[in-house]
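Q: Pasting the sequence and the predicted model now:
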Amino acid sequence: YSPLDDASQEALKRIITLREYRKNSHVFEQDQFCGDLFVVLKGSYRLFHKAPQKEHTTWIGYDDHIISSLHCLLFNSTAKETMHVLEDSVIGVIPYHDFLNLARQYAAIDKLNRTIMSTFIMEMQENLFATRFMEAADRYHYFTQKQPEALQRIPLTYLASFLGITKESLSRIRSGFRMR
């Protein structure tokens, strides 16, 4: 994301707590407040929104990803999604209020904060364009180029939901790609 000088690294280490999460646990829940940033050191996760009839996977990530609920961090409101751990994971938890305090004291941490938020926005916009303007097979191809490792680590049900297609459609698309 952004290089940190020694003083910034030490300050950040003081506010990070490493936690282990078991497969299928939830890091934060929809409709609850979450004021933390999460650094996924090892493992995979998905964000999902639970609607009355089904769950919609809105994000997928794994090792070296930083994630949170932007609704909580930026608007001080409840989360719109749940963070579901898909593999046993080690996650660094950073209280965002403390992180902002450090950003006021250390220029490198301030730059890191801006880089994290810019990356969130850029990735969300790319995902929006892919899901709104690409055909299903093109979305799958785009996703596999961007995150090839996910195909081995993310259950197909969640991948299909993320791509906005049925699991059956995903199977047909995958078999078509294998035949090429």
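A: Done, it's in.
Q: Could you use CA atoms for every contact and neighbour count after this?
A: OK.
Q: Quick one: the strands in this structure, in order.
A: Per DSSP state E, the chain carries strands over the ranges 17-21, 26-28, 36-42, 44-50, 55-62, 65-67, 82-85, 89-95.
Q: Make a markdown table from the ones you listed and add distance to Phe129 to it.
A: Below are these laid out as a markdown table (distance: least, Cα to Cα, whole Å):
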| stretch | distance to Phe129 |
| --- | --- |
| strand 17-21 | 32 |
| strand 26-28 | 27 |
| strand 36-42 | 25 |
| strand 44-50 | 18 |
| strand 55-62 | 13 |
| strand 65-67 | 20 |
| strand 82-85 | 23 |
| strand 89-95 | 29 |
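Q: Can you lay out these as TSV showing mean neighbour count, mean pLDDT and distance to Glu168?
A: Shown next, in TSV, are those (neighbours: other Cα atoms under 10 Å; pLDDT from 0 to 100; distance: least, Cα to Cα, whole Å):
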stretch	mean neighbour count	mean pLDDT	distance to Glu168
strand 17-21	14	98	31
strand 26-28	18	97	27
strand 36-42	20	97	30
strand 44-50	22	96	20
strand 55-62	20	93	16
strand 65-67	19	93	29
strand 82-85	22	98	23
strand 89-95	20	98	29
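Q: Ok, which of those comes nearest Lys167?
A: Of all those, strand 55-62 sits nearest to Lys167, with 12.7 Å by Cα to Cα.
Q: Done for today, thanks.
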